[in-house]
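Q: Pasted the sequence and its predicted model underneath.
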Amino acid sequence: MKRALYNICFGICCIILNQLTPNFASAQDSVKSPLVLTVSYFSKENQVQYLTVNAKSKVSGKFQPVKGAVVNLFLGKDSTGKGLGSIGKVLTDEKGKAVANIPLALAQLWKSSPSHLFFAVAGKSNRFDEATAETSIAKSRIVLDTAADKIIMATFSEFKGNEWGPVKGVEIKLGIKRLGADLLINEEQSYTTDSLGHVKGEFKRVELPGDVTGNIILVAKVEDNDQYGNLRFEKAVPWGTKAAPDYSFFHRALWASQFHSPVWLIVIAYGIIISVWGTIIYLLFLLIKIRKLGSQEQQQ
C-alpha cells in the first residue's frame, strides 16, 4: 500500500514538473539576448582605409552571427556619447559581417589627429536593444622592400608630431600572396621590429609558381594589433617560376572538349547511334511494308 502511494506521489510530481518546464523555457526565450558588436580597422597599401563590423548574439549558450543588423559607423564621438563624422550605415550579411570604406569627405578630420576612435551604433530593434562598440587606432604605415640574396625588409612607422617615426616591438608577418591564403616566406611565423622599425627575412621558397612573367606578390602585414589595427602592404617581385600555358586541353583526349575527343571514341559513339537509328528506321520500313501487303490481300 505504501509503495502504491509512493508511486502515485512520484507520478504527480513528474506531471507538475513537466508542466512547469515549458513556462521556464518560454520565460528565458522572452528575454532578449544582447547584440555584441566588434569593430576592426584595416589599412591596405597605406592608402585605402576601411572598417569591418562583426555582429553576433548568444543563442542556446553559443554565439551565432546576426544577419540584417543595421549599424551606423562614426569617426569619433562627443562627450555625450554621440558619433561625430559619419562613415556610413552598413547591413550585416549571413556571416554577421559588414565592410565600410572611410569616405573622402572625412579627409580633413582624418588628418587632424595622429590617432582616431571609431564608433559603431546598432539601434534598438524587435530582436535586440541598442548596442555600441568602439576601437581606437594610432595612424601608422608599413613599407616593404627587397635586397640582394632575396632578403625581404619591412619598415613600420607611426605618425607622431607631424612626422613619421619608427616603432619598436611590433609583430610583422612576411609572406607570399596565394589564392587561398598567404604563404610564409620561410619557417618563421613572424618578426618583431627593432629600434628602427625594421624586420628582415630570407625568402626560401624555391621554384614557387608565379604568373606568366614569373612575378609573385610579397606581403608584409600586421594583424589584430591593439594599437594599430590591421595593416597590409604588397609588392611584386620576379622570384617565381613562369607559368607555362597548358594547351593539352585542346589536344585529342578523353578529358578534352567536345570537338577534341579521340577519333576511336567518336567512331564508336557515332557507330552506335547510326546502328540504333538504322535498326529503328528499318523496323518502321518493315511495318509499313507489312501494312501495305495486308491492304492488298484484303482488296483481292
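A: Okay, I see it.
Q: Backbone torsions only: list them for Lys139.
A: phi -60, psi 130 (degrees, to the nearest 10).
Q: what about the longest helix in the chain?
A: helix 263-299 (DSSP state H).
Q: All the helices of the stretch 51-200 of the chain, residue numbers only.
A: Under the criterion DSSP state H, counting those that start in this stretch, the stretch 51-200 of the chain contains helices at 107-111.
Q: Tell me where the stretch 1-150 of the chain has strands.
A: Ranges of strands within the stretch 1-150 of the chain are 35-44, 48-59, 62-65, 70-77, 83-91, 97-101, 115-122, 131-138, 140-147, based on DSSP state E, counting those that start in this stretch.
Q: one step back: I'd like the average pLDDT over the longest helix of the chain.
A: In this model, helix 263-299 has a mean pLDDT of 89.
Q: name the helices or strands packed onto it?
A: For helix 263-299, not one helix or strand is in contact under the criterion 3 or more C-beta pairs under 8 Å, 6 or more residues apart in numbering; DSSP states H and E. Yep, even glycine has a C-beta here, placed from its N, CA and C like the rest.
Q: so of the strands of the stretch 1-150 of the chain, which one's packed in deepest?
A: strand 115-122 (a mean of 21; mean count of other C-beta atoms under 10 Å).
Q: residues making contact with it?
A: Residues from elsewhere that reach strand 115-122, judged by C-beta atoms under 8 Å, 6 or more residues apart in numbering: 35, 37, 39, 41, 51, 53, 55, 69-77, 83-84, 87, 110, 128, 130-139.
Q: How about stretch 64-73?
A: Counting by C-beta under 8 Å, 6+ apart, 35, 37, 39, 51, 53-58, 83, 86-98, 100, 118-123, 125, 127-128 sit against stretch 64-73.
Q: how about 7 Å then?
A: 35, 37, 51, 53, 55-57, 83, 87-96, 98, 100, 118, 120-123 (C-beta atoms under 7 Å, 6 or more residues apart in numbering).
Q: rewinding a little: mind putting the strands of the stretch 1-150 of the chain in TSV, distance to Ile266 included?
A: What follows is the strands of the stretch 1-150 of the chain, written out as TSV (distance: least, C-beta to C-beta, whole Å):
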stretch	distance to Ile266
strand 35-44	52
strand 48-59	53
strand 62-65	52
strand 70-77	59
strand 83-91	54
strand 97-101	51
strand 115-122	63
strand 131-138	64
strand 140-147	53
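Q: need those in a markdown table with mean pLDDT, can you?
A: A markdown table is the format used below for the strands of the stretch 1-150 of the chain (pLDDT from 0 to 100):
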| stretch | mean pLDDT |
| --- | --- |
| strand 35-44 | 94 |
| strand 48-59 | 93 |
| strand 62-65 | 91 |
| strand 70-77 | 93 |
| strand 83-91 | 92 |
| strand 97-101 | 95 |
| strand 115-122 | 94 |
| strand 131-138 | 94 |
| strand 140-147 | 94 |
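Q: To Thr155, which of the ones you listed lies closest?
A: In terms of C-beta to C-beta, the element of the strands of the stretch 1-150 of the chain nearest to Thr155 is strand 140-147, at 4.7 Å.
Q: Point out the other helices and strands that that closest one packs with.
A: The criterion is 3 or more C-beta pairs under 7 Å, 6 or more residues apart in numbering; DSSP states H and E, and the helices and strands that strand 140-147 contacts are strand 151-160, strand 216-225, strand 229-237.
Q: Identify whichever of the ones you listed lies nearest to Ala244.
A: Across those, closest to Ala244 is strand 216-225 (C-beta to C-beta), at 15.6 Å.
Q: List the buried residues for the closest one?
A: Buried residues in strand 216-225, defined by neighbour count with 16 or more other C-beta atoms under 10 Å: Ile216, Ile217, Leu218, Val219, Ala220, Lys221, Val222, Asn225.
Q: got the angle for that strand vs strand 35-44?
A: Here strand 216-225 points in a direction 140 degrees away from that of strand 35-44 (axes from the mean of the first three to the mean of the last three C-alpha atoms, to 10 degrees).
Q: what's the angle between strand 216-225 and strand 131-138?
A: 120 degrees.
Q: May I see the helices and strands packed on strand 140-147 arranged in TSV, with mean pLDDT as well?
A: Formatted as TSV, the helices and strands packed on strand 140-147 follow (pLDDT from 0 to 100):
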stretch	mean pLDDT
strand 151-160	95
strand 216-225	95
strand 229-237	95
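Q: Using the record's assignment, carve this structure into domains.
A: When the chain is parsed with automatic domain parsing, its domains come out as 35-138, 140-237.
Q: To Arg291, which of those lies closest?
A: Using C-beta to C-beta, the domains of the chain put domain 35-138 closest to Arg291, at 65.4 Å.
Q: How far does the closest one stretch from one end to the other?
A: 27 Å (C-alpha to C-alpha, to the nearest Å).
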